[in-house]
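Chemist: Predicted coordinates and the sequence they were generated for:
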Amino acid sequence: MSEAKQIDNVVIIGGGTAGWMSAAGLASMLGGTGLSITLIESEAIGVVGVGEATLPHIKFFNDSIGINEAEFMAATSATFKLGIEFVDWGRLGDSYIHPFGEYGLSNAGIGFHHYWLKQKDHPETGPLDLYSLPIMACRMAKFQPPSADPRSVMSTYRYAYQFDALKYAPFLRKHAEARGVTRHEGKVVEVNLDPECGDIQSVLLESGEVIGGDLFIDCTGFFGLLIEKALETGYERWTDWLPCDRAVAVPCESAGPLLPYTRATADKAGWRWRIPLQHRTGNGHVYASDFTTDAAAEQALMENLEGAPLADPRVLRFVTGKRRKLWNRNCVAIGLSGGFLEPLESTSIYLIQEGITKLLEHFPHTTDFSDDAEEYNRLIDLEFERVRDFLILHYHATTRADSEFWTHMRTMDIPASLAEKIELFKTRGRIVKYDRGLFLSPSWLAVYLGQGVVPDMYDNRVDLLADDDIAGHMQGLKSLMHKSAAAMSDHGEYIVANGMAGAA
């Protein structure tokens, strides 16, 4: 085994969102340590570029590396995002929104949904959505930044962005290069391994240049040039639970008000996305090729566009799952090279961000980093598995039987970890809480109730309060949510008024 030495040089292979987020994150957090960061990409190799919808964690990432929100919004034609609407998932004709915020307000340490469950059959109670401020804002096409005052109902939500992914990477490139990242244009044609220990020593470019490093980050997408082609790490497939393996995407002209949310509409063999940007609308159809054809999927997408198409549709192919190790030897796979759990719930950029964050938390001082790699892999595996379970829930919690695909998803065996969560909610109304993991209680609650998983019981402590008191409290909350959302700015007008509008 080679003698351990200090980590001086990090080499990132691949640009795009994953590569430039990695470069910007490392440069911003470790830029004053003397660490050399090099990114190698080739303009001849395209990027996926359809990851337009995000989760609220992206704001923290942008803020932490010093990005100005207005500049970012204008540069990427971004809009704000308060949640995700799901149409036709539990059954045809249904619609609910997964909000980036709370439902109601807890009382006496009891989750608000238990009060709603007791009162739900009363005509004046109404749907759970009426007690969520971000959902009300979505329905009214409104937006206002949340308040920092925890006593205000305006502090009960967060927000994310919807942006042009092809514009985000160039924006981050400028940010990273200004902080010392060196970019090399070129195609990697060979990966050289240390004959003694098997670590990556260097890469050979098509130009003949050899670039060495101590730690390599693989951002080469599904191809996995370093993590798989060179190190043969292996891939854990989750296609039995998440069989969608293709997507066809196309932008179109905008129509209607600028909505502060993404829409996911279930189709016969998958689902279609709609993502409103400032200058256009992003659209796509994610589907399982075992249950439909490429031609039928493209037809379903094109027939449901709200405006004229702005480009030809393009098909992407993927295999749901993850690498057996996302940190193998001296290589860390970030982005699609590490795994992919399909676009549902906009988790791809979050998993990129989490990969970067965990790498920074476990960044090694020397090349003797086996303990760092082991802990990194343990934590990232947890993230992937918990996201996986949440995505499977959307497909499995359905009464749809109108196609072979939905019958299969409704009746398939699911991971024991998810089955236990569903059973606990169905019997007691309890939501499993994690020390680590992306989706918090309101997210699970939105999907459970939105898709017809209704508990048999509520927390019996609710019965200690008088029904009239509960009903009065709920009516007050419902009124407060409606009035607070109505007082917000129009979403599109807010973007323009705050200098966030980009060039058309």
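Modeler: Happy to help now that I have it. Numbering: from 1, shown residues only.

Chemist: Kindly tell me how buried Ala44 is, as a neighbour count.
Modeler: 9 (other C-beta atoms under 10 Å). Bear in mind the C-beta positions are built from the backbone N, C-alpha and C, glycine included.

Chemist: Now it. Nearest residue, chain neighbours left out?
Modeler: Lys187 (6.4 Å; C-beta to C-beta, 6 or more residues apart in numbering).

Chemist: how much space between that neighbour and Arg314?
Modeler: Separation of Lys187 from Arg314 (C-beta to C-beta, to the nearest Å): 22 Å.

Chemist: what does Phe61 give?
Modeler: Distance, Phe61 to Arg314, by C-beta to C-beta: 27 Å.

Chemist: Let me know the secondary structure of Ile470.
Modeler: Using DSSP: H, G, I helix; E, B strand; the rest coil as the criterion, the local structure at Ile470 reads helix.

Chemist: doesn't Val462 make contact with it?
Modeler: Yes - taking contacts as C-beta atoms under 8 Å, Ile470 lies within contact range of Val462: 7.1 Å.

Chemist: Common neighbours of these two, please.
Modeler: Here Ile470 and Val462 have 115, 118 as joint contacts, going by C-beta atoms under 8 Å, 6 or more residues apart in numbering.

Chemist: Only alpha carbons, please: show the helix or strand hosting Ile352 as PDB.
Modeler: Mapping Ile352 onto the secondary structure by DSSP states H and E places it in helix 348-361. Output in PDB follows, covering the C-alpha atoms of helix 348-361 (Å, rounded to 0.1, in the frame of the first residue of the first chain):
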ATOM      1  CA  SER A 348     -31.600  14.800  -8.100                       C
ATOM      2  CA  ILE A 349     -30.100  18.100  -7.400                       C
ATOM      3  CA  TYR A 350     -30.700  17.600  -3.700                       C
ATOM      4  CA  LEU A 351     -28.600  14.300  -3.800                       C
ATOM      5  CA  ILE A 352     -25.900  16.200  -5.600                       C
ATOM      6  CA  GLN A 353     -25.900  18.800  -2.900                       C
ATOM      7  CA  GLU A 354     -26.000  16.200  -0.200                       C
ATOM      8  CA  GLY A 355     -23.000  14.400  -1.800                       C
ATOM      9  CA  ILE A 356     -21.100  17.700  -1.700                       C
ATOM     10  CA  THR A 357     -22.100  18.500   1.900                       C
ATOM     11  CA  LYS A 358     -21.200  15.100   3.200                       C
ATOM     12  CA  LEU A 359     -17.800  15.200   1.400                       C
ATOM     13  CA  LEU A 360     -17.100  18.600   3.000                       C
ATOM     14  CA  GLU A 361     -18.000  17.200   6.400                       C
END
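
Chemist: what element comes up after it heading to the C-terminus?
Modeler: On the C-terminal side of helix 348-361, the nearest following helix or strand under DSSP H and E is helix 370-396.

Chemist: Who are the packing partners of that next one?
Modeler: strand 327-328, helix 348-361, helix 404-411, helix 416-428, helix 441-450 (3 or more C-beta pairs under 8 Å, 6 or more residues apart in numbering; DSSP states H and E).

Chemist: Next, the angle helix 416-428 makes with it.
Modeler: Interaxial angle of helix 370-396 relative to helix 416-428 (axes from the mean of the first three to the mean of the last three C-alpha atoms, to 10 degrees): 50 degrees.

Chemist: what about helix 370-396, average pLDDT?
Modeler: Mean pLDDT, helix 370-396: 95.

Chemist: again, but for stretch 234-254
Modeler: 97.

Chemist: same thing with stretch 412-431?
Modeler: 95.

Chemist: so Gly499, which of the three states?
Modeler: coil.

Chemist: Contact partners for it?
Modeler: 70, 74.

Chemist: Quick check: chain neighbours aside, which residue is closest to the most centrally placed residue in the chain?
Modeler: The residue lying closest to the centre of the chain (C-alpha atoms, centre = their mean) is Thr347, at 1.9 Å. Once flanking residues are discounted, Thr347 sits nearest to Val387: 5.1 Å by C-beta to C-beta, 6+ apart.

Chemist: surely the one you found meets Leu341?
Modeler: Yes - between Val387 and Leu341 there is a contact under C-beta under 8 Å: 5.6 Å.

Chemist: quick one on the thing from earlier: right, and the residue nearest to Ala44 touches Gly15 too?
Modeler: No - counting by C-beta under 8 Å, Lys187 stays clear of Gly15, with 12.0 Å between them.

Chemist: Those two: which has the busier surroundings?
Modeler: Between Lys187 and Gly15, Gly15 has the larger neighbour count (other C-beta under 10 Å), namely 25 against 14.

Chemist: For the residue lying closest to the more buried one once chain neighbours are set aside, name its beta-bridge partners.
Modeler: Leaving out its chain neighbours, the residue that sits closest to Gly15 by C-beta to C-beta, 6+ apart is Glu41, at 3.4 Å. According to DSSP bridges, the partner residues bridging Glu41 are Glu185.

Chemist: how deep is Glu41 tucked in, by neighbour count?
Modeler: Residues within reach of Glu41, counting by other C-beta under 10 Å, total 24.

Chemist: Give me the distance between it and Ala169.
Modeler: In this view, Glu41 and Ala169 are 9 Å apart by C-beta to C-beta.

Chemist: Quickly list what's touching both of those two.
Modeler: Counting by C-beta under 8 Å, 6+ apart, the common neighbours of Glu41 and Ala169 are 15-16, 19.

Chemist: Next step: the residues you listed restricted to helices.
Modeler: Among the shared contacts of Glu41 and Ala169, the members found in helices (DSSP state H) are 16, 19.

Chemist: Among the shared contacts of Glu41 and Ala169, which one lies nearest to His285?
Modeler: Proximity of the shared contacts of Glu41 and Ala169 to His285 (C-beta to C-beta) peaks at Gly16, which lies at 22.1 Å.

Chemist: so which strand or helix has the closest residue to Asn498 other than its chain neighbours?
Modeler: Using C-beta to C-beta, 6+ apart and skipping the chain neighbours, the partner closest in space to Asn498 is Ala70 (6.2 Å). Here Ala70 sits within helix 69-76, counting by DSSP H and E.
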